[in-house]
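Asker: Sharing a model that was predicted from the sequence below.
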Amino acid sequence: MKTTLDIPEEKFTTVQDLYGLRTKRDAVIFALDELTRRYKIERLVDQLGTFTDFMTQDDLRHMRDLDTARDISLN
């Protein structure tokens with residue numbers, strides 16, 4: 001899709017230099033991908049602590065103890 005945009009040249013130059021991008025198209029695609037990635041990460045962070053069926057710290061500690069005991073018995 002072709003689109004005409006009025007974007008300051010120094011914005012492209014900065015992004016291209018920082019990330020080793022060769023073309024303006026690469027810079028735009030990179031920026032859009034990065035914004036999408038950040039948005040998805042923010043949504044995941046918002047969900048932290050909202051899982052009701054996730055293991056507790058005690059469950060995790062118990063699993064580690066079992067795993068450590070198993071490793072010792074194999075040696």
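Answerer: That came through, no problem.

Asker: What residues of the longest helix along the chain count as buried?
Answerer: Using DSSP state H, we find that the single longest helix of the chain is helix 24-47. Across helix 24-47, burial judged by 16 or more other Cβ atoms under 10 Å covers 24, 27, 28, 31. Any C-beta I mention is one placed from the backbone N, CA and C, and that applies to glycine too.

Asker: Relative to residue 67, how far out is the second one?
Answerer: I take that to be residue 27. Remark: distance between residue 27 and residue 67 (Cβ to Cβ, to the nearest Å) = 46 Å.

Asker: ok, residue 63 to residue 25 distance?
Answerer: Residue 63 sits 48 Å away from residue 25, going by Cβ to Cβ.

Asker: and if you look at residue 35?
Answerer: According to Cβ to Cβ, residue 35 and residue 25 sit 16 Å apart.

Asker: Secondary structure class of residue 21, three-state.
Answerer: Following DSSP: H, G, I helix; E, B strand; the rest coil, residue 21 is assigned to coil.

Asker: what's near enough to touch the closest residue to it other than its chain neighbours?
Answerer: Nearest residue to residue 21 in three dimensions, chain neighbours excluded: residue 27, at 4.9 Å (Cβ to Cβ, 6 or more residues apart in numbering). By Cβ atoms under 8 Å, 6 or more residues apart in numbering, the contact set of residue 27 is 12, 15, 16, 19, 21.

Asker: got it, and residue 24?
Answerer: By Cβ under 8 Å, 6+ apart, the residues touching residue 24 are 12, 16.
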